[in-house]
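Give me the fold of what follows.
(4 chains)
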Number of protein chains: 2
Amino acid sequence: METMAEAADHVTDVCSVPPERHPRPDGQDSYTISEVVAFTGLTAHTLRWYERIGLMPHIDRSHTGQRRYCNADLDWLDLVGKLRLTGMPVADMVRYAELVRAGDHTYGERYDLLEATRRDVLARITELQDTLAVLNRKIDFYADAGRALASERPR
Amino acid sequence: METMAEAADHVTDVCSVPPERHPRPDGQDSYTISEVVAFTGLTAHTLRWYERIGLMPHIDRSHTGQRRYCNADLDWLDLVGKLRLTGMPVADMVRYAELVRAGDHTYGERYDLLEATRRDVLARITELQDTLAVLNRKIDFYADAGRALASERPR
DNA sequence: CGCTTGCTTGGAGTGCACTCCAACGTTTTA
DNA sequence: TAAAACGTTGGAGTGCACTCCAAGCAAGCG
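Residues are numbered from 1 along each chain as shown, chains lettered A, B, ... in the order given. This is a model prediction of the structure:
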């Protein structure tokens, strides 16, 4: 059942994790590029570029050759968005996309890649919390200084 | 006393927050560029570039014109390093450096800048925790799938 | 029918943050 | 003292992730 889940959603995959419902017009399963722009905040340029470099699968086309994105594509873009803001290089995301396209036998590699990413994210959170501590100290300092100045020359 | 703390440490400032002792050869107060490279992990190129763009004050020179960094410079680089990994653009850090150089009357602006940065950092941490949740779900999925595969064909 | 709006392409351009180069001077080590 | 290691400069180059452009096709509307 696990290894089937992927085929079920059209190879775009999002690697078989529950659909993570987000508010989205779920009447149909076909969106123009500008609708996807509205959903993702990416530009149309970027969406086409993602496709060119292999970060997206080849997107379905209308009879006149225009892109028609499906829900699975949006789910994938969701994941890409998340990975992107971890600072993961696009090249690594492309690597992951290739593994997904390659089929079930790449589960191990996908696991390793995600696990490494997870470690990075944890490290990054720790760094940011460090920075936050420094920031808090400085902000407190300036707040105190501001109060001191205010009491020296009454406002 | 608050407004004096800054002048006390040579205008490089680190904005008067307690020196945050880090393990450093505190015999003297003069380091070559390569020593600073070793402490900060930055390259010499980058250190010179930071100076050119005004992210560092003008660094003291030896009688032959070589840079000699002082402890306050290292403290400042510490802060820059922290701000850098929040994703703050270099231009904004330069702006902060200018405020520090401009004197005490910029305390308010410095406060605002740091406060805005703090909000960014908090938002960023939240984003990363979101991403972490997604990553964890996916990793669990692949771990389960791996176990399932392992039990299907005994290793 | 003409107009506006939206989508298509390949390839060139942008902005950021470095990163390197050549040519040369200085300092340290053997 | 000679060689190796380290420092200096301005300016050019790099890599990443977009971002834009021109030229053209297609759909919907008054």
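
For chain A, give me the ranges with low pLDDT.
When residues are selected by pLDDT under 70, those of chain A lie in A:1-27, A:149-155.

Quick check: residues of it near DNA strand C?
Within chain A, the positions near DNA strand C by Cβ under 7 Å from any atom of the strand are A:32, A:33, A:34, A:35, A:44, A:45, A:48, A:52, A:61, A:65, A:66, A:67. Backbone N, C-alpha and C define where each C-beta goes, glycine included.

again, only this time at 6 Å
Within chain A, the residues that sit near DNA strand C (Cβ under 6 Å from any atom of the strand) are A:32, A:33, A:34, A:44, A:48, A:65, A:66, A:67.

Of those residues, which is the most crowded?
The most crowded member of these, judged by other Cβ atoms under 10 Å in any protein chain shown, is residue A:67 (20 neighbours).

Can you tell me the element the closest residue in space to residue A:40 that isn't next to it in sequence falls in?
Once flanking residues are discounted, residue A:40 sits nearest to residue A:77: 5.1 Å by Cβ to Cβ, 6 or more residues apart in numbering or on different chains. Residue A:77 is part of helix A:71-84 when elements are defined by DSSP states H and E.

Send me the helix or strand just after that helix as CSV with only the CA atoms.
The C-terminal neighbour of helix A:71-84 among helices and strands, as given by DSSP H and E, is helix A:90-102. The C-alpha trace of helix A:90-102 is given here as CSV (Å, rounded to 0.1, in the frame of the first residue of the first chain):
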residue,chain,number,x,y,z
VAL,A,90,17.6,24.6,-6.0
ALA,A,91,20.0,22.0,-7.3
ASP,A,92,19.4,19.8,-4.3
MET,A,93,15.6,20.1,-4.8
VAL,A,94,16.1,19.2,-8.4
ARG,A,95,18.0,16.1,-7.2
TYR,A,96,15.1,15.2,-4.9
ALA,A,97,12.6,15.7,-7.8
GLU,A,98,14.8,13.4,-9.9
LEU,A,99,14.6,10.7,-7.2
VAL,A,100,10.9,11.0,-7.1
ARG,A,101,10.6,10.6,-10.8
ALA,A,102,13.0,7.7,-10.8
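
Helix A:90-102 and DNA strand D, are they touching?
Yes. Helix A:90-102 is in contact with DNA strand D by Cβ under 6 Å from any atom of the strand, via A:90, A:91.

And residue A:70, its phi and psi?
Dihedral pair for residue A:70: phi -110, psi 170, per degrees, to the nearest 10.

who in chain A is up against DNA strand D?
Taking Cβ under 6 Å from any atom of the strand, the part of chain A that reaches DNA strand D is made up of A:43, A:45, A:46, A:49, A:64, A:84, A:89, A:90, A:91.

Could you check how many residues crowd around the first one?
It stands for residue A:43. Residues lying near residue A:43 (other Cβ under 10 Å) number 11.

which non-adjacent residue is nearest it?
That would be residue A:37: by Cβ to Cβ, 6+ apart, it lies 6.4 Å from residue A:43.

so what's the one you found up against?
Contact analysis of residue A:37 by Cβ atoms under 8 Å, 6 or more residues apart in numbering or on different chains lists A:43, A:44, A:47.

I'd like those residues written out as JSON lines, with secondary structure added.
Shown next, in JSON lines, are those (DSSP: H, G, I helix; E, B strand; the rest coil):
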{"residue": "A:43", "secondary structure": "coil"}
{"residue": "A:44", "secondary structure": "helix"}
{"residue": "A:47", "secondary structure": "helix"}
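
any chance of those residues in TSV, with distance to residue B:28 too?
Listed next are the contacts of residue A:37 as TSV, based on distance: Cβ to Cβ, whole Å:
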residue	distance to residue B:28
A:43	53
A:44	58
A:47	56
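
Going by distance to DNA strand D, which of these wins?
Nearest to DNA strand D among those is residue A:43, at 5.4 Å by Cβ to the nearest atom of the strand.

Relative to residue A:92, how far out is the closest one?
22 Å (Cβ to Cβ, to the nearest Å).

if we can go back for a sec, ok and the helix holding residue A:77 relative to helix A:90-102, angle-wise?
With axes from the mean of the first three to the mean of the last three Cα atoms, to 10 degrees defining the directions, helix A:71-84 sits at 140 degrees from helix A:90-102.
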